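Student: Using only what follows, build the 3D model:
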Amino acid sequence: MLTSQKLPPSAIANSVRDEVLCRDSKPKSLYERLGGAPAVDAAVDQFYEKVLADERVNFFFKNTDMKKQRRVQKSFLTFAFGGPKTYSGVGMRKAHQKLVDEQGLNDSHMDTIVELLGKTLKELGVADADITEAAAM
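Tutor: Below is the predicted model:
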């Protein structure tokens, strides 16, 4: 791309080098680093297998339409990890308020969920730094 502004030779060289070597100068989102939609789909499916098998939290899902839950979670994580903005649900607090009020959802349950997500991502070969970033969301 030509501009009327003069760039230093090093900036031009770096730009040409990045273009020739197919480098994207913009850092990749967590969504992209994980592998996009196929990776999020696999992670959510494996994550819920763990959740439904874990007695510390599985009772929260006994009356849940898991097909819908997986679909919503995939959309939410895609959005949260920097992918396409397809999530149209409510915020985390509002989405879980009924569970807090009626079933006693608390910090220990949320810690279990984060633990299970981390284990799932680790099994899928995700780097520790990316798991830490995912857990912080």
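Student: what ranges do the strands span in this structure?
Tutor: Ranges of strands in the chain, per DSSP state E: none exist.
Student: looking at it, which helix or strand is least sure?
Tutor: In the chain, no helix or strand scores lower on mean pLDDT, DSSP states H and E than helix 9-20, which sits at a mean of 59.
Student: If I follow the layout properly, residue 126 ends up in contact with residue 40?
Tutor: No: the criterion here is C-beta atoms under 8 Å, and residue 126 misses it with residue 40 at 11.2 Å. Every residue, glycine included, has its C-beta placed from N, CA and C.
Student: Need the residues touching each of these two.
Tutor: residue 34 (C-beta atoms under 8 Å, 6 or more residues apart in numbering).
Student: What lies in contact with stretch 84-102?
Tutor: Residues contacting stretch 84-102 (C-beta under 8 Å, 6+ apart): 60, 72, 75, 76, 78, 79, 80, 105, 106.
Student: Would you mind checking the average pLDDT for that stretch?
Tutor: What stretch 84-102 shows for mean pLDDT is 90.
Student: can you tell me which residues contact residue 106?
Tutor: Counting by C-beta under 8 Å, 6+ apart, residue 106 touches residue 100.
Student: picking that back up, can you tell me which of the contacts of stretch 84-102 has the most neighbours?
Tutor: When neighbours are counted by other C-beta atoms under 10 Å, residue 78 leads those with 21 neighbours.
Student: quick one, what contacts that residue?
Tutor: By C-beta under 8 Å, 6+ apart, residue 78 lies in contact with 31, 37, 40, 84, 86, 87.
Student: ChimeraX command for the buried members of those residues?
Tutor: The ChimeraX selection below is limited to those of these classed as buried (16 or more other C-beta atoms under 10 Å):
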select :31,40,87
